[in-house]
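J.: here are the coordinates; sequence isn't available:
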C-alpha cells in the first residue's frame, strides 16, 4: 500500500521529522538496495504461512541473531508473533515469482511452492541461496511495524546464485 504524498514535500529537500510520513520518505528509503526474503512459519493450526520481507539484517554473531520487521496491519502478524520458530528464506534473482507470490494477500501461497520441513516443521523453500532457521527470541514495537529478533539455530547456503534485490520500488539484478 502506498503512502499518500504530503502536500508540501519536495523531492531532494531535507525533511523535518514531523513530515516523515509521506511518499518522499518512502522513496528516499528506497535508495537503499535490499535483498529479498520470504519468512515462513506454521500457524497455530499447523498450516504453512509465509510473507515477503526486505527488512532482514544481521544483529550479532555471538549469539547468532538476526532481525526483521512486519507491518502491524499484516494479516499474518499474529501467526509470526506467536510462532516459536520461523525461517528466513533468502531468494535468488530467479525467484522473483516467489517474492510476488508471498507478497499477495491470498491464503494458499504454498500451492505451487516446493519446500521441505525444517526445525519444528517450519517450511524451507527449495532452491534459495540461504536459509536461517530461528527461534523467536524477542519482539519490539517499531511504529507501524513489529520488530522481530531471531536466534539462529541452524543455517545453510544453497548453490551460488545472484541475489534478488529491491531498489527504488522495483526488483533489480546485479550486473557484471
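T.: Cool, the structure landed. It should be emphasised that the depicted structure is a prediction, and the values quoted were computed from it without experimental measurement. Numbers count the residues shown, from 1 in each chain.
J.: C-alpha from now on. contacts and neighbour counts both.
T.: Will do.
J.: can you pull out the helices in the chain?
T.: Under the criterion DSSP state H, the chain carries helices at the ranges 23-29, 77-82, 96-103.
J.: ok, and what's touching the longest one?
T.: Meaning helix 96-103. Identification of contacts with helix 96-103 by CA atoms under 8 Å, 6 or more residues apart in numbering yields 36-38, 50-52, 91, 109, 113, 164, 171.
J.: quick one: the residue nearest the centre of the chain from residue 39, how far?
T.: For the chain, the residue nearest the mean C-alpha position is residue 53 (1.5 Å; CA atoms, centre = their mean). For residue 53, the distance to residue 39 equals 7 Å [CA to CA, to the nearest Å].
J.: got it, and residue 164?
T.: As judged by CA to CA, residue 164 and residue 39 stand 15 Å apart.
J.: Report the residue spans of the protein with pLDDT below the cut-off.
T.: Scanning the chain for pLDDT under 70 picks out 1-22, 107, 176.
J.: what about the strands in it?
T.: 34-35, 37-42, 48-53, 57-60, 65-71, 85-90, 115-117, 123-125, 130-142, 145-157, 165-167, 170-172 (DSSP state E).
J.: related to what we said a few turns ago, you'd agree the residue nearest to the centre of the chain is up against residue 67?
T.: No - counting by CA atoms under 8 Å, residue 53 stays clear of residue 67, with 10.9 Å between them.
J.: Count the residues that sit near the spatially closest residue to residue 127 that is not a sequence neighbour.
T.: Closest residue in space to residue 127, ignoring its immediate chain neighbours: residue 158 at 6.6 Å, by CA to CA, 6 or more residues apart in numbering. For residue 158, the count of nearby residues is 13 (other CA atoms under 10 Å).
J.: List the residues that contact residue 158.
T.: 127-131.
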